[in-house]
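Participant: After the sequence you'll find the predicted model.
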Amino acid sequence: MKRLLPYFKPYIPLFIVSLVLALAINASVIAKPFIVKVVIDDYLVAGVHDIGVFRLFGLLFFAVVLIGAALSYLQNYILTYAGQKIMFDIRNQLFEHVQRMNMSYFDKNSSGRILTRITHDVESLNELFSGMLINIFRDTVMIVGIVAIMAMMNLRLTVIALLCLPLIALVTIFYHKAARENFINMKSLIGRINGFLAENITGMRVVQIFHREKQKFEEFLKLDKSYFASSLREVILNSLCRPIVDVINNLTIAALIWVSIGDMNRGGIEIGVLFAFITYIRQFFQPISDIAERYTGMQSAFVSADRVFQIIDNSGQREELKMGKAIKEATGEIEFKDVWFAYENDNWVLKGVSFKIMPGDVVAFVGETGAGKSTIVGLISRFYEIQSCFRLHNLRVFFSYCMTG
């Protein structure tokens, strides 16, 4: 989360406006049950049947609903705009970073995996940037507001209502551990599937020439089954979370009604207060359920953020554009002197290669597969760094370089 905060900076004014709107939306939600409570206790139960007053309270209730709906729309628009802009910034930064990675990075990471990071993982941050944090704040403030107004009406019933919180905490802790492990596995499988598809679709001609369709399908089926199992696990976890919270919600309401019956008979609790409490309890659990669901999205977003930052933090394989020497005039002379090169460790592809090509010469590199023909062309193009002395003279790309290792 600390790494993601700088992306919020340019849009802080928008998020402040969203916070203010969130507080106003909460006020409209909390006000509705209280209006009904006043009508029941102060007018209906008291035997005051003033049609004008009822109409006034009806208009007030309707106005609160309209204001809350309008503010919700405005808040969603602001958060969606800010979230899309932040993803736009991250996606551009990520692609600019990938463009400057050297060829050895692309040799070790398939195009499908890189594509997944730039598209799917960045898109997974959408919910986080498009109001998840603001809505969690709004839901938290909503819970505090509901508890405060319930305590103001009846402290004893409020304490009974809050006894459910330890159960919810246990459910959240269990869900946190299971969901995060599963999300990490899912993100990894998505990258592997995309990489597999990209490589096989690009190389379909080779697959069909060597009649490997069945083998490749079985490999894909194995990956797909693993992803299916992981996705099913996510659905099961999500499906269990809200019903469990709903069961706790209804048990709490049942406990409130059971405790209140005696007090109502003795006149200790007003009917409107009980109605307001039941409504507030339902509203109390709604943000808790929302937070539980958003927690799922946050786990997914943070796993995706880890994967995005793995690329951004990989500065060791970036091309240094300021290295090398600019030349005033290119003559086309190329010379290798005792060049050694390996893609990995000491698995040498070139050993002590030397040659010189003069301007106007036509040269062909001929040899068996793996002899190093493409490697030499890649070195001339400076796609890789060599492990021994390497000289380029007046190449048409206007640079020359010498390094001893």
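Facilitator: Structure's in. What do you need? The structure displayed is predicted, hence computed values, not measured ones. Numbers count the residues shown, from 1 in each chain.

Participant: residue closest to the middle of this protein?
Facilitator: Nearest residue to the geometric centre of the chain (Cα atoms, centre = their mean): residue 301, 2.3 Å.

Participant: Model confidence for that one, exactly?
Facilitator: The model reports residue 301 with a pLDDT of 79.

Participant: how near is it to residue 136?
Facilitator: Taking Cβ to Cβ, to the nearest Å as the measure, residue 301 falls 12 Å from residue 136. Bear in mind the C-beta positions are built from the backbone N, C-alpha and C, glycine included.

Participant: Also residue 94?
Facilitator: Separation of residue 94 from residue 136 (Cβ to Cβ): 26 Å.

Participant: In three-state terms, how would the residue of the chain positioned farthest from its centre be classified?
Facilitator: Centroid-distance maximum for the chain: residue 47 at 55.7 Å, with Cα atoms, centre = their mean. Classification of residue 47 using DSSP: H, G, I helix; E, B strand; the rest coil returns coil.

Participant: State the helix or strand in which the closest residue to residue 338 other than its chain neighbours lies.
Facilitator: Excluding the flanking residues, the one nearest residue 338 by Cβ to Cβ, 6 or more residues apart in numbering is residue 352, at 5.2 Å. Per DSSP states H and E: residue 352 is located in strand 348-357.

Participant: Please identify the buried residues of the following helix or strand past that strand?
Facilitator: Downstream of strand 348-357, the first helix or strand assigned by DSSP H and E is helix 373-380. By 16 or more other Cβ atoms under 10 Å, the buried positions in helix 373-380 come out as 375-376, 379.

Participant: Kindly reformat the residues you listed as TSV containing pLDDT.
Facilitator: Shown next, in TSV, are those (pLDDT from 0 to 100):
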residue	pLDDT
375	86
376	88
379	85
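
Participant: could I get the strand holding residue 352 in CSV with only the CA atoms?
Facilitator: Output in CSV follows, covering the C-alpha atoms of strand 348-357 (Å, rounded to 0.1, in the frame of the first residue of the first chain):
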residue,chain,number,x,y,z
TRP,A,348,29.3,-20.3,-23.5
VAL,A,349,27.7,-19.8,-26.9
LEU,A,350,30.7,-17.9,-28.4
LYS,A,351,34.3,-18.7,-27.4
GLY,A,352,37.1,-16.4,-28.6
VAL,A,353,35.4,-15.3,-31.8
SER,A,354,37.3,-12.8,-33.9
PHE,A,355,36.6,-11.4,-37.4
LYS,A,356,36.6,-8.1,-39.2
ILE,A,357,34.2,-6.8,-41.8
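
Participant: That strand - contacts with which helices or strands?
Facilitator: strand 334-342, helix 373-380 (3 or more Cβ pairs under 8 Å, 6 or more residues apart in numbering; DSSP states H and E).

Participant: distance between it and the chain's centre?
Facilitator: Strand 348-357 sits 47 Å away from the centroid of its parent chain (Cα atoms, centre = their mean, to the nearest Å).

Participant: what pairs with it, and is each one parallel or antiparallel?
Facilitator: strand 334-342 (antiparallel) (DSSP bridges).

Participant: between the strand it pairs with and helix 373-380, how big is the angle?
Facilitator: Orientation check (axes from the mean of the first three to the mean of the last three Cα atoms, to 10 degrees): strand 334-342 against helix 373-380 gives 110 degrees.

Participant: List the buried residues of the helix or strand harbouring residue 195.
Facilitator: Residue 195 is part of helix 165-202 when elements are defined by DSSP H and E. Residues 168, 171, 175, 178-180, 182-198, 200 are the ones in helix 165-202 that count as buried (16+ other Cβ under 10 Å).

Participant: ranges for the strands of the protein?
Facilitator: All strands of the chain, identified by DSSP state E, fall at 325-326, 334-342, 348-357, 390-392, 399-400, 402-403.

Participant: Of all the ones you listed, which one is nearest residue 290?
Facilitator: strand 334-342 (54.7 Å; Cβ to Cβ).

Participant: Now the closest one: average pLDDT?
Facilitator: Strand 334-342 comes out at a mean pLDDT of 86.

Participant: what's the burial count for residue 10?
Facilitator: Counted with other Cβ atoms under 10 Å, the neighbours of residue 10 add up to 12.

Participant: roughly how far is the longest helix along the chain from the heart of the chain?
Facilitator: Ranked by residue count, the top helix of the chain under DSSP state H comes out as helix 213-265. Centre-to-centre, helix 213-265 and its host chain are 21 Å apart (Cα atoms, centre = their mean).

Participant: angle of it against helix 165-202?
Facilitator: For helix 213-265 against helix 165-202, the angle between stretch directions is 160 degrees (the same axes, to 10 degrees).

Participant: got the contact list for the strand holding residue 352?
Facilitator: Residues outside strand 348-357 that contact it (Cβ atoms under 8 Å, 6 or more residues apart in numbering): 333-343, 363, 370, 372, 375-376, 379, 388.

Participant: same thing but at 10 Å, please
Facilitator: Contacts of strand 348-357 with the rest of the structure, by Cβ atoms under 10 Å, 6 or more residues apart in numbering, involve 332-343, 363, 365, 370-372, 374-376, 379-380, 384, 386-391, 393.

Participant: same question, stretch 39-49
Facilitator: For stretch 39-49, the external contacting residues (Cβ under 10 Å, 6+ apart) are 50, 53-54, 57-58, 60-61, 270-276.

Participant: swap the cut-off to 8 Å and go again
Facilitator: Under the criterion Cβ under 8 Å, 6+ apart, residues 50, 53-54, 57, 270-273, 275 lie in contact with stretch 39-49.

Participant: Tell me the buried residues in it?
Facilitator: Across stretch 39-49, burial judged by 16+ other Cβ under 10 Å covers 39-41, 43.

Participant: Specify the residue ranges that define each domain of this protein.
Facilitator: Listed domain ranges for the chain are 5-312, 325-403 (source: automatic domain parsing).

Participant: how close does residue 24 sit to residue 69?
Facilitator: 12 Å.

Participant: okay, these two: which has more neighbours?
Facilitator: residue 24 (17 against 12).

Participant: I'd say residue 160 and residue 257 touch.
Facilitator: No. Counting by Cβ atoms under 8 Å, residue 160 stays clear of residue 257, with 10.7 Å between them.
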